[in-house]
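K.L.:
My questions are about this predicted structure, shown below with the sequence.
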Amino acid sequence: MFQDLFNRCFVYTRHLFFYTNGMEIIRASVLGFCFGVRRAVELAEKALSENPGKKVYSLGPLIHNENALSALEEKGLHILEESDIAELEEGSVVIIRAHGVAPCVTDALEKRGCKIIDATCPRVKASQKMVERYSSENDYVVLTGDKNHGEVIGIAGYAGENFSQIQDYEEAERLNIKDGDNKNVILLSQTTYSPKEFEKIENLFKSKFHNLAVMNTICPATNERQQALLELCSQVEGVLVVGGKNSANTKRLYQTAAANCKLAAHIQSAADIPQEFFNLKTIGITAGASTPDEIIEDVERKLEAGF
């Protein structure tokens, strides 16, 4: 029990390492698995252990980390595409990942007689309910986020007619809402959206719409990771950002690191560490919300070894 508690808290604790080769490694004060992703992984592992002999599926990649996905696949987890739901056997176990899905997808799984394990992040659930409620009343909902991201697609599936989805400030400038002066405009965002971009859009909307309600649905962990990284950049010569290449929040961490540190690299595993990092005296490490603790530790061990 103590070890489990330690592991859960580990990603929120700052560590400094001093090695005989003179290299100092500093972890960001916040990095690695967020609550929603950790919960999804734990539910997947539980489903695999409780359903021997049955096929257990994740509807889309459970998390945006190839190494973590490979480990789950070795334990028996299968990746299911939405287009293949109609081919599922009755009684199949299907995990809905932290990003969530549109109601029509859940309906399709229920019609196939699947056992559904809903690992949707509670924060995403809250956004789904807000969109469902306000876009069907005399309000208008605007969702900021990546239109191709699973979370945004799922939330949009709950929307009524009074709804728009925008990706950035430029699209916000072009957005016209019919009879917008007489509607309550509700602004919310993807949980991993850029806080700076959201603030810019919020300020723009304040000048465009008289009746604006802002629901800051960005996960606090997103802000905390960014702030911790900025602090880290001021202390080191280079920063390694550890996470999947398809992870939106990891990409944003890398963008911040590249803009605020002399040297930055986005890596998926210890094998990807650029050679020039082994010549540095101080190295910082941060990691995306889908990066398991063991991958972070592998990176540290390779830096310690010096090759």
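P.N.:
That came in fine, so what should we check first?
K.L.:
When you work out contacts or count neighbours from here on, use the C-alpha atoms and nothing else.
P.N.:
Fine.
K.L.:
From the opening residue of stretch 140-156 to its closing one, how far?
P.N.:
Chord length of stretch 140-156, first to last residue, is 13 Å (C-alpha to C-alpha, to the nearest Å).
K.L.:
any idea which helix or strand carries Ala258?
P.N.:
Assigned by DSSP states H and E, Ala258 belongs to helix 248-260.
K.L.:
helices or strands up against the helix or strand following that helix?
P.N.:
Later in the chain than helix 248-260, the nearest helix or strand by DSSP H and E is strand 263-267. If contacts are counted by 3 or more C-alpha pairs under 8 Å, 6 or more residues apart in numbering; DSSP states H and E, strand 263-267 sits against strand 238-242, helix 248-260.
K.L.:
can you give me the strands for the stretch 201-307 of the chain?
P.N.:
212-214, 238-242, 263-267, 282-287 (DSSP state E, counting those that start in this stretch).
K.L.:
got a list of contacts for the last one?
P.N.:
I take that to be strand 282-287. Residues outside strand 282-287 that contact it (C-alpha atoms under 8 Å, 6 or more residues apart in numbering): 23-28, 30-32, 229, 232-233, 235-243, 250, 253, 277, 296.
K.L.:
In three-state terms, label Pro61 for me.
P.N.:
coil (DSSP: H, G, I helix; E, B strand; the rest coil).
K.L.:
Can you verify my assumption that it contacts Ile79?
P.N.:
Yes - with contacts counted by C-alpha atoms under 8 Å, Pro61 reaches Ile79, the gap being 6.1 Å.
K.L.:
re earlier: export the strands of the stretch 201-307 of the chain to CSV and tack on distance to Ser194 and mean neighbour count?
P.N.:
CSV is the format used below for the strands of the stretch 201-307 of the chain (distance: least, C-alpha to C-alpha, whole Å; neighbours: other C-alpha atoms under 10 Å):
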stretch, distance to Ser194, mean neighbour count
strand 212-214, 15, 17
strand 238-242, 17, 29
strand 263-267, 18, 21
strand 282-287, 16, 26
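K.L.:
Any idea which of these gets closest to Lys46?
P.N.:
Of all the strands of the stretch 201-307 of the chain, it is strand 282-287 that lies closest to Lys46, at 24.9 Å by C-alpha to C-alpha.
K.L.:
Which residue ranges make up each domain of this protein?
P.N.:
2-34+220-305, 36-121, 126-214 (automatic domain parsing).
K.L.:
end to end, how far does the shortest one reach?
P.N.:
Which is domain 36-121. 5 Å.
K.L.:
I'd like the mean pLDDT over that domain, please.
P.N.:
For domain 36-121, mean pLDDT is 93.
K.L.:
cool, and the last one?
P.N.:
When pLDDT is averaged over domain 126-214, the result is 93.
K.L.:
how far does that domain sit from the chain's center?
P.N.:
Per C-alpha atoms, centre = their mean, to the nearest Å, the displacement of domain 126-214 from the mean C-alpha position of its chain is 19 Å.
K.L.:
Count the neighbours of Met215 for me.
P.N.:
Counted with other C-alpha atoms under 10 Å, the neighbours of Met215 add up to 14.
K.L.:
That one and Ala102: what is the separation?
P.N.:
20 Å.
K.L.:
what does Leu62 give?
P.N.:
Taken as C-alpha to C-alpha, the span from Leu62 to Ala102 is 16 Å.
K.L.:
do Glu74 as well
P.N.:
Glu74 is 28 Å from Ala102, by C-alpha to C-alpha.
K.L.:
Compare the two (neighbour count), which wins?
P.N.:
Between Glu74 and Ala102, counted using other C-alpha under 10 Å, Ala102 has the larger neighbour count: 18 against 9.
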